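only geometry, no sequence info:
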Ligand code: BG6
């Protein structure tokens, strides 16, 4: 495209965080433990008790976001800060904390974009069996109701479950599930998945009932899957993983029906979930207003004839099943310091594909580059690599918009440095540097990285000056 159209004028520029990765105060101020607080943190990484200490720095942090010109801030509410046991008594201090965060955003005309659940199921519920129990559906809906009652007068944009597909496909890596001793892992995972889908559908319907003008959508991680070659069998393998990794979640959120390839896969493995009467009607009648999605990179696969073990990535679900797929490192892509493939063109391909399947407006709820940033003696962080990464991805949003894809906003990961899912604090993503190391908390002072000033300019010019 030679002629780019201007970005939509009310485009929601912002960035994201999640409660358990940024807040700290994880077992104080009335908060109950979540699954993240009871997991064994990976060797060499810090506990989650301080993180970026957003709990005590939120005013300063939101002021910095306002200085960058944020139109929105995506953050999550910790279920166990509001309901320490997951159900029952409410922790008023928790309610107040998010009230303060929301009000602080609104003070600067920053639209809060609230994720209801980001990898942090209350430990008390996990102990009872977590999402494997049917009761989990009502527990989530009860939590959603409390959120709408308390915040629905000010929060108009809601996201249901962060990366439900990653919870199902890679929960062991992010510490949200333990499959030791489980006979049929697919049976367990897809039953939990069914409950989450149902909980999501009910929460979407309830949002429309309770929140005047409220808009709600899912937030899976969508990575378009490429075939490793033009061999027809590789194309079939890519379709398999696209269905298992991506479309199952969006087909369900938007149309309320199980993707047929995934259903066939589950039948093959004796792992179809128990579906009660009325479940499918509930799912078919709930509708998202938009699609939120996280994008870091694409995936590439080749046919798996079952004679070799699975490749890297997506191991939990994965391709050691004959005839499904085998991961394939894409030789055409550069990688981050942490080995993640970088694929801005694939970002556009992903936006095009989602839009052509679902025809709903979209907001990017995560995208970004994890790196070992260095604070210089004079308090600067020269993160040109991050600027390059983000610039190339925003260029693709501009191209996609010019091609008629409806994009509502962009919230890269992350607004501020925080703790990564399993590679510690030193894997940084933020525009704002937090002065701490893995085990040395230092003074937790905030420093503006070069990307901070760059993003400010991008927002000021509505994406014209990249
Ligand atoms: C997404 C998650 O998967 O990727 C975030 O929603 C996470 O919680 C982000 O932090 C980056 O991944 P990581 O493993 O580098 O923290």
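Ah, there it is. Everything numeric in this text was worked out from a predicted model, so none of it was measured.

quick one: the helices in the stretch 251-400 of the chain?
Using DSSP state H, counting those that start in this stretch, the helices assigned to the stretch 251-400 of the chain run over residues 260-268, 279-285, 344-358, 384-402.

Is it possible to get JSON lines of those that adds mean neighbour count and distance to residue 133?
In this view, the C-beta of every residue, glycine as well, is placed from N, C-alpha and C. Formatted as JSON lines, the helices of the stretch 251-400 of the chain follow (neighbours: other CB atoms under 10 Å; distance: least, CB to CB, whole Å):
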{"stretch": "helix 260-268", "mean neighbour count": "16", "distance to residue 133": "20"}
{"stretch": "helix 279-285", "mean neighbour count": "15", "distance to residue 133": "15"}
{"stretch": "helix 344-358", "mean neighbour count": "19", "distance to residue 133": "30"}
{"stretch": "helix 384-402", "mean neighbour count": "19", "distance to residue 133": "39"}
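
I'd like to know which of these lies nearest to residue 225.
Closest to residue 225 of these, according to CB to CB: helix 344-358, at 9.8 Å.

interface residues of the stretch 101-250 of the chain facing the ligand?
162, 163, 166, 221 (CB under 6 Å from any ligand atom).

Give me the subset of those lying in strands.
Within those, residues falling in strands by DSSP state E are residue 162.

For the ligand, find the nearest of the helices of the stretch 251-400 of the chain.
Closest to the ligand of the helices of the stretch 251-400 of the chain, according to CB to the nearest ligand atom: helix 384-402, at 13.1 Å.

Can you give the contact residues for the closest one?
With contact meaning CB atoms under 8 Å, 6 or more residues apart in numbering, helix 384-402 is reached by 1, 3-5, 7-8, 295, 336, 342, 344-345, 347-348, 351-352, 355, 364, 367-369, 371, 407, 410, 412, 449-451, 454-455, 458, 463, 466.

Residues of the stretch 251-400 of the chain that sit close to the ligand?
294, 366, 370.

need the contact list for residue 414.
Going by CB under 8 Å, 6+ apart, residue 414 touches 15, 16, 17, 21, 22, 366, 368, 429, 430.

Return the set of residues that bridge with the second one.
With DSSP bridges applied, residue 16 shows beta-bridge pairing to residue 74, residue 413.

since we're on it, how many residues are nearby?
The local packing of residue 16 (other CB atoms under 10 Å) involves 30 other residues.

distance of it from the ligand?
8 Å (CB to the nearest ligand atom, to the nearest Å).

Wait, that residue touches residue 410, no?
No: shown here, residue 16 and residue 410 do not form a contact pair, counting by CB atoms under 8 Å, at 10.0 Å.

between the residues of the stretch 251-400 of the chain next to the ligand, which is nearest the ligand?
Taking those together and measuring to the ligand by CB to the nearest ligand atom, the closest member is residue 370, at 4.5 Å.

quick revisit: of the contacts of helix 384-402, buried ones?
Buried by 16 or more other CB atoms under 10 Å: 7, 295, 336, 342, 344, 347-348, 351-352, 355, 364, 367-369, 371, 407, 410, 412, 449-451, 454-455, 458, 463, out of these.

in stretch 290-309, what counts as buried?
So, applying 16+ other CB under 10 Å, buried residues of stretch 290-309: 290-304.

Identify the residue with the minimum pLDDT among those residues.
Within the buried residues of stretch 290-309, pLDDT reaches its minimum at residue 304, with 85.

number of nearby residues for the closest residue to that one other than its chain neighbours?
With sequence-adjacent residues excluded and distances taken as CB to CB, 6 or more residues apart in numbering, residue 304 is closest to residue 326, at 3.8 Å. Using other CB under 10 Å, residue 326 is surrounded by 23 other residues.

Against the ligand, how distant is residue 326?
For residue 326 relative to the ligand (CB to the nearest ligand atom), the value is 22 Å.

now do residue 293
Residue 293 is 11 Å from the ligand, by CB to the nearest ligand atom.

got the contact list for that residue?
Per CB under 8 Å, 6+ apart, neighbours of residue 293: 219, 220, 221, 222, 350, 354, 362, 363, 364, 365.

With adjacent residues omitted, what lies nearest to the residue in the chain positioned nearest to the ligand?
The ligand sits closest to residue 420 of the chain, with a gap of 3.1 Å, by CB to the nearest ligand atom. Spatially, and ignoring its direct neighbours in sequence, residue 420 is nearest to residue 427 (4.2 Å; CB to CB, 6+ apart).

can you give me phi and psi for that neighbour?
With angles defined as degrees, to the nearest 10, residue 427 shows backbone torsions of phi -90, psi 100.

Counting by contacts, list what the helix or strand of the chain with the lowest mean pLDDT packs against.
Scoring the helices and strands of the chain by mean pLDDT, DSSP states H and E places strand 326-327 at the bottom, with a mean of 86. Packing partners of strand 326-327 (3 or more CB pairs under 8 Å, 6 or more residues apart in numbering; DSSP states H and E): strand 299-302.

Mind giving me the packing neighbours of the strand it packs on?
Judged by 3+ CB pairs under 8 Å, 6+ apart, the packing partners of strand 299-302 are strand 225-227, helix 232-241, strand 326-327.

The same query, at a cut-off of 6 Å, please.
With contacts taken as 3 or more CB pairs under 6 Å, 6 or more residues apart in numbering; DSSP states H and E, strand 299-302 sits against strand 225-227, helix 232-241.
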